[in-house]
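> model this:
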Amino acid sequence: MAQATTIADAERRLVIETLIRCRGNRTHAAKLLGVSVRTIRNKISEYKKVGIYLPIYKDIVDAEKCTDAKLN
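Numbers count the residues shown, from 1 in each chain. Okay, here's the model as predicted:
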C-alpha cells in the first residue's frame, strides 16, 4: 500500500516541480500556480529551512551555457 501524502507534501512537490519546469523563474511559476511571487519566495525560504535547496534561474542558465559550450 502506498504511503499517504500530506497536503503540505503535495504542495511542496507541486511548487518544486513547477519551479523546475519554469527553469527556476519564480514569476512564471507563480503565474502558473495562481499565487503571488511573494508566496513562491516564502515557500522557497521554508524549504531551505528544512534542507531543500532549489536552483535559481541564473544557475540553470549558467549550466545550460556550459552544456552548450561542451557540445560545440
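
> C-alpha from now on. contacts and neighbour counts both.
Will do.

> May I ask which helix or strand of this protein has the lowest mean pLDDT?
helix 57-71 (a mean of 57; mean pLDDT, DSSP states H and E).

> could I have the helix or strand hosting N42 exported to CSV, CA atoms only?
Per DSSP states H and E, N42 falls inside helix 37-49. Provided in CSV are the C-alpha atoms of helix 37-49 (Å, rounded to 0.1, in the frame of the first residue of the first chain):
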residue,chain,number,x,y,z
VAL,A,37,5.7,35.8,-6.3
ARG,A,38,6.0,36.6,-2.6
THR,A,39,4.3,33.3,-1.9
ILE,A,40,6.8,31.4,-4.0
ARG,A,41,9.7,33.2,-2.3
ASN,A,42,8.2,32.3,1.1
LYS,A,43,7.8,28.7,0.1
ILE,A,44,11.5,28.6,-1.1
SER,A,45,12.5,30.1,2.2
GLU,A,46,10.5,27.4,4.1
TYR,A,47,12.1,24.6,2.0
LYS,A,48,15.6,26.0,2.7
LYS,A,49,15.0,25.8,6.4
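
> Show the average pLDDT along that helix.
The pLDDT scores in helix 37-49 average 94.
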